[in-house]
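J.: please find the sequence and the predicted model below.
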Amino acid sequence: MSDSESILAYTAANAIEAHALAAFLANEGIEARVLGEALQGAFAGIDAGNLDTVEVWVAVADRAKAEPLIEQWRQEYDE
């Protein structure tokens with residue numbers, strides 16, 4: 001999946017949540033990539049705005065299939 005063929009599907013609270021969602025999507029046949037986890041600890045408590053977010057990206061072609069699964073994920077795991 002190239003960057004030009006992918007879309008932001010979910011912004012996670014942390015890398016663990018992002019990888020759990022990516023695994024959930026993979027179990028449903030959707031390839032997902034986790035981006036931004038390397039920056040999460042780099043700011044050591046400094047407010048970095050959106051620079052320290054961890055994101056889950058999916059292929060544009062998988063968007064319709066991924067959206068209801070992500071909504072299911074939100075309902076089950078978001079606080």
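T.: The structure has been received and is ready for your questions. Numbers count the residues shown, from 1 in each chain.

J.: could you pull out the strands in the protein for me?
T.: Taking DSSP state E to define them, one finds strands in the chain at 6-12, 32-35, 54-59.

J.: out of these, which gets nearest to residue 68?
T.: strand 6-12 (11.6 Å; CB to CB). C-betas here are computed from N, CA, C, even on glycine.

J.: could you measure residue 61 against residue 21, distance?
T.: 18 Å (CB to CB, to the nearest Å).

J.: who has more neighbours, the two?
T.: Applying other CB atoms under 10 Å to residue 61 and residue 21 shows that residue 21 carries more neighbours, namely 23 against 14.

J.: pretty sure the more buried one is touching residue 11, no?
T.: No: judged on CB atoms under 8 Å, residue 21 makes no contact with residue 11 at a distance of 10.5 Å.

J.: find residues that contact each of those two.
T.: Residues touching both residue 21 and residue 11 (CB atoms under 8 Å, 6 or more residues apart in numbering): residue 56.

J.: can you give me the buried ones in the top helix by length along the chain?
T.: For the chain, the helix that runs over the most residues, judged by DSSP state H, is helix 63-77. Within helix 63-77, the residues scored as buried using 16 or more other CB atoms under 10 Å are 66, 69-70, 73.
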